[in-house]
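Colleague: What would the 3D arrangement of this be:
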Amino acid sequence: MTCKSGSTGRWIRLRTPRWRIAGILLAAALVATAPTLYFARELINDTKAEIEAGRLHLAQLVATQADRLLTEAFFELELLVESLAIAPDGKPTRSETQILRTGRSSSFIAGVMLLDSEVEIVLAEPATAATGTGIDEILKAAALADDRTVSQPWLDPQTGHVMSALGLPVYDRTGGRQATMVALLDLSEPLVTDLIEPAAGLGPSGHADLVDERGLVLASTHPGHVLTAGDHPDFYTRMAQLRTSSVERVAAIPEPQSLDRSPWHLMAYAPLRNAPWGVALGANEEETLRTVWRLQHRLIVLGLAASATLLLGAGLAMFQVPDRSSEERP
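Modeller: Down below sits the predicted model:
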């Protein structure tokens with residue numbers, strides 16, 4: 001290979017093929033940048049995991065608050081049972097309407113009823129509660145109430161509110177079933193709907209739903225989703241069956257008028273303990289992971305720039321080192 005002299009020095013006479021030298025330089029650049037790329041990937045994965053963990057924690061927090069509301073409602077029913085004088089046949093010994101009226105202290109308890117051992121309504125406050133459209137669900141909740149029971153929700157056509165019934169069995173001193181106390185819950189009351197409002201903090205596309213055991217929406221940041229499968233029917237149905245906390249990338253079916261056209265959402269689900277329901281919340285994937293993707297893009301550019309710089313510097317160092325062999329000749 002011919003050597004060419006210049007003002008700054010001589011070109012080295014290379015005995016090794018240049019393609020092999022190029023391969024060595026490329027391998028050296030990859031070895032030098034590999035740790036940076038590895039830690040960059042770990043940083044991205046950790047950031048995404050933190051976002052998912054925060055979303056799941058928020059869903060679990062909302063589910064805990066919903067459980068607390070149900071616990072308070074059952075506690076009020078227990079206090080009401082203690083206030084009533086119930087005969088062995090499950091009927092009140094005197095008019096207890098005033099006691100029932102006083103027992104409705106919670107703002108989302110729309111009515112209370114007492115059913116006897118034959119699952120027949122013997123007392124109701126207000127009286128219209130015994131003739132509503134959800135009477136079948138009420139009676140079912142009462143009949144199955146060997147323990148605390150939560151019925152399937154229904155839509156009240158008069159108010160347009162979503163309702164559900166809590167059933168609490170009443171036992172006599174011998175442990176026999178004496179009666180059932182039922183509370184009608186209005187799931188459209190602010191005390192319930194305000195629970196899912198924190199989802200608005202997840203961004204413009206942030207949304208949350210309270211979902212029942214059928215995968216239907218009971219309360220939502222989008223009121224039009226109530227008693228429908230919402231934007232994520234497959235996810236809601238599956239999680240209602242699994243009843244386990246999870247964060248997943250799920251397909252979205254947005255409404256025609258929705259401004260959010262993202263096909264994927266990052267959703268968290270947390271089940272309730274006191275009812276066969278769950279809380280689901282999230283936002284579209286692009287909005288959620290925008291920071292992660294921006295960080296990933298910058299780290300990739302930085303890694304490529306570092307590799308190119310190493311290759312360029314090594315190439316210049318290898319091919320333009322002055323030939324000092326002539327200086328060592330006698």
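
Colleague: So Glu125 sits against Gly111, correct?
Modeller: Yes - with contacts counted by Cβ atoms under 8 Å, Glu125 reaches Gly111, the gap being 6.3 Å. Heads up, the C-betas are built off the backbone N, CA and C, glycines and all.

Colleague: which element is Ala280 on?
Modeller: strand 278-284 (DSSP states H and E).

Colleague: immediately after that strand, which helix or strand?
Modeller: With DSSP H and E, the next secondary element past strand 278-284 is helix 285-288.

Colleague: in that next one, what's buried?
Modeller: Glu285, Glu287, Thr288 (16 or more other Cβ atoms under 10 Å).

Colleague: same check, this time on stretch 189-206
Modeller: Glu189, Val192, Thr193, Leu195, Ile196, Pro198, Ala199, Leu202, Ser205, Gly206.

Colleague: Closest to Lys140 out of the residues you listed?
Modeller: Val192 (21.6 Å; Cβ to Cβ).

Colleague: For the closest one, give me its contacts.
Modeller: Ala66, Leu69, Phe108, Leu185, Asp186, Leu210, Ala219 (Cβ atoms under 8 Å, 6 or more residues apart in numbering).

Colleague: Helices along the protein, start to end?
Modeller: 18-83, 97-103, 135-143, 190-193, 233-242, 285-288, 290-319 (DSSP state H).

Colleague: Go through those and find the least confident stretch.
Modeller: Among those, helix 97-103 carries the lowest mean pLDDT, a mean of 58.

Colleague: Can you add distance to Thr149 and give the buried residues of helix 285-288 back as JSON lines?
Modeller: JSON lines is the format used below for these (distance: Cβ to Cβ, whole Å):
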{"residue": "Glu285", "distance to Thr149": "38"}
{"residue": "Glu287", "distance to Thr149": "40"}
{"residue": "Thr288", "distance to Thr149": "37"}
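
Colleague: Between the two ends of stretch 120-140, how far is it?
Modeller: 11 Å (Cα to Cα, to the nearest Å).

Colleague: Stretch 153-171: which residues count as buried?
Modeller: Per 16+ other Cβ under 10 Å, stretch 153-171 contains these buried residues: 153-154, 156, 161-170.

Colleague: Kindly report the same for stretch 109-122.
Modeller: Ile109, Ala110, Gly111, Val112, Met113, Leu114, Leu115, Asp116, Ser117, Val119, Ile121, Val122.

Colleague: Verify the stated contact: the first one with Leu184.
Modeller: Yes - the pair Ile109 and Leu184 passes the contact test of Cβ under 8 Å, sitting 6.7 Å apart.

Colleague: what packs against the strand holding Ala280?
Modeller: When contacts are defined as 3 or more Cβ pairs under 8 Å, 6 or more residues apart in numbering; DSSP states H and E, strand 278-284 sits against helix 18-83, strand 207-211, helix 233-242, strand 264-271.
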